[in-house]
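Undergrad: make a model of this:
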Amino acid sequence: MSTLDRYILGAVIRGTLMVLLVLLALNSFVSFISQVDNVGQGSYQTADAIAFVALNLPSMTYWMLPIATLLGALLGLGNLASHSELIVMRAAGVSPWRLARSVMLGGIAIVLLAVALGELIAPPAEQYAKRHRTMALHNQLSMAQGQSGWIRDGNVVINIEQLMEGDRAGGIYVFTFDEERRLQSVVQARSASFDEQGRWLLDDSRKTEFLDDRLQAEKKSRLAQQTALSPGLLGLSVVDPDSLASRGLYAYINYLRTNGLDADRYIMAFWSRIATVVSIVVMAMLALPFVFGPLRSTGTGQRMFMGILIGAGYFLINRLVANSGAVLGLDPALTAWLPTITLLGITLAALARVR
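TA: Numbering: from 1, shown residues only. So this is what the prediction gives:
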């Protein structure tokens, strides 16, 4: 690595870390305020709220890294431009593409941090935070989590194979026991959702009762099940794609496919995680055309404002494409990659125009 690479890499990383600290401080404060309303419910106390926010810091950092990298690169490279250092580099014969390579190295260094957070630290920390918070709020229930979710509600044990959109679940089994732990009935349902009274409505269900001298089976298009299970506990009992590492997502996708369940949501999440990591490098490189172009002589505030606009626009487009892809039934991998590929094309086109 040359001196030029180290110098620009350092500027990009320092700027990114400064921006990241500010974003994390703001987001942590907002997250803590959102938890204050829950303090006092069940056994949930202020210390639990602080722990919840702290345990979610790695996940916050991971998802903020693309926008933080863009703002940090604008900040770091903008400072170099303000002191005419980039002009001196260009006068010395360093091409824009050579500078882009140095900036890309800074982006790759940040990618290493993202991989460590997203694959090793954030998933278990976020899952523990979510589990600890929900169990503190609903301390009358017990549960276990794996590829499918198991929840115990008194004498009722519920197995959930898949979480779907809108607080719905798929592949439901409800086991009811008596006080002597003898199985009384089993209900199998294709899907379930909550009604306005908080009851669980089991769709396309088959109920089998174990009587003293016989088995009694009946089918119903919809069966109401009284339970203390809430939408929050429902989300905790099964796998949340945003709280899984890539390897865990890949294994869960194979599990869903093997069992004939819809895996599109998890395929989308899998490729979105990879695209998010790649977008970090693209965001770093995107800053270079701006500091050579319209933002060369502007102040730090204007650069940050422009970076926030670009980052917010990218985020909104990302969500719009994801939602549109789900509605239109587009390939989830293509939907996940489309915003990043488009951003890469814009970045390369902008770099080609730098003189």
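Undergrad: from now on I want contacts and neighbour counts done on CA atoms only, so please keep to that.
TA: Noted.
Undergrad: what's the neighbour count on the closest residue to L211 other than its chain neighbours?
TA: The shortest distance from L211 to any non-neighbouring residue, by CA to CA, 6 or more residues apart in numbering, is to Q184 (7.3 Å). Per other CA atoms under 10 Å, the neighbour tally for Q184 reads 17.
Undergrad: what about Q184, is that helix, strand or coil?
TA: For Q184, the secondary structure call by DSSP: H, G, I helix; E, B strand; the rest coil comes out as strand.
Undergrad: measure the residue of the chain most remote from its centre to D204 for me?
TA: Relative to the centre of the chain, and counting by CA atoms, centre = their mean, the farthest-placed residue is D213 at 51.4 Å. Distance, D213 to D204, using CA to CA, to the nearest Å: 27 Å.
Undergrad: same thing with A189?
TA: 6 Å.
Undergrad: higher neighbour count, the two?
TA: Of the pair A189 and D204, A189 is the one with more neighbours under other CA under 10 Å, namely 24 against 15.
Undergrad: which ones are touching the more buried one?
TA: Shown in contact with A189 (CA atoms under 8 Å, 6 or more residues apart in numbering): G170, G171, I172, Y173, L202, D203, D204, S205, R206.
Undergrad: sec struct for the third one, please.
TA: Reducing the assignment to helix, strand or coil with three-state DSSP, the entry for I172 is strand.
Undergrad: so what's the residue count around it?
TA: 21.
Undergrad: surely it touches R190?
TA: Yes: with contact defined as CA atoms under 8 Å, I172 reaches R190; the gap is 6.3 Å.
Undergrad: what sits closest to S28 if chain neighbours are left out?
TA: V53 (6.3 Å).
Undergrad: picking up where we left off before, most neighbours among the contacts of A189, which one is it?
TA: L202 (26 neighbours).
Undergrad: between the contacts of A189, which is closest to A109?
TA: Closest approach to A109 among the contacts of A189 (CA to CA): G170, at 40.9 Å.
Undergrad: is the closest one bridged to anything, and to what?
TA: Counting by DSSP bridges, G170 forms beta bridges with Q162, S191.
Undergrad: for I151, same thing?
TA: Counting by DSSP bridges, the residues bridging with I151 are M143, I158.
Undergrad: before we move on, back to that, export the contacts of A189 to TSV and append columns for distance to Y7 and pLDDT.
TA: Conversion of those to TSV gives the following (distance: CA to CA, whole Å; pLDDT from 0 to 100):
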residue	distance to Y7	pLDDT
G170	53	73
G171	55	81
I172	57	85
Y173	60	88
L202	61	86
D203	62	87
D204	64	87
S205	65	88
R206	67	90
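Undergrad: looking at those residues, which is nearest L20?
TA: Closest to L20, out of all of the contacts of A189 and judged by CA to CA, is G170, at 38.6 Å.
Undergrad: that closest one and L261: what is the separation?
TA: When G170 is compared with L261 (using CA to CA), they lie 8 Å apart.
Undergrad: and for T340?
TA: Counting by CA to CA - T340 and L261 are separated by 28 Å.
Undergrad: ok, N254 next?
TA: Distance of N254 to L261, given as CA to CA: 10 Å.
Undergrad: ok, now R131?
TA: 25 Å.
Undergrad: and for E126?
TA: Separation of E126 from L261 (CA to CA) stands at 25 Å.
Undergrad: between the contacts of A189, which is nearest R98?
TA: Distances from R98 to these, taken by CA to CA, are shortest for G170, at 52.4 Å.
Undergrad: now the residue most central in space within the chain. Nearest residue, chain neighbours left out?
TA: Residue closest to the average C-alpha location in the chain (CA atoms, centre = their mean): D242, at 3.7 Å. Sequence neighbours aside, A269 is the residue nearest to D242 in space, at 6.9 Å (criterion: CA to CA, 6+ apart).
Undergrad: any idea which element that neighbour lies in?
TA: Under the criterion of DSSP states H and E, A269 resides in helix 264-292.
Undergrad: okay, buried residues for the helix or strand just after that helix please.
TA: Note on helix 264-292: by DSSP H and E, the next helix or strand toward the C-terminus is helix 300-328. Of all the residues in helix 300-328, those buried under the rule 16 or more other CA atoms under 10 Å are 300, 303-304, 306-308, 310-311, 314, 318, 321-322, 325-326.
Undergrad: mind listing the shared neighbours of G170 and L261?
TA: Q162.
Undergrad: list the buried ones in whatever helix or strand F29 lives in?
TA: In the assignment (DSSP H and E), F29 maps to helix 3-36. For helix 3-36, burial by neighbour count (16+ other CA under 10 Å) applies to 5, 8-17, 19-20, 23-24, 27-28, 31-32, 35.
Undergrad: likewise stretch 38-48?
TA: Under 16+ other CA under 10 Å, the buried positions of stretch 38-48 are N38, V39, Y44, Q45, D48.
Undergrad: excluding covalently adjacent residues, which one is nearest to the fourth one?
TA: Just to be clear, that refers to Q45. In space, Q45 is closest to V39, 5.0 Å off (CA to CA, 6+ apart).
Undergrad: since that was my last question, I'll sign off now.
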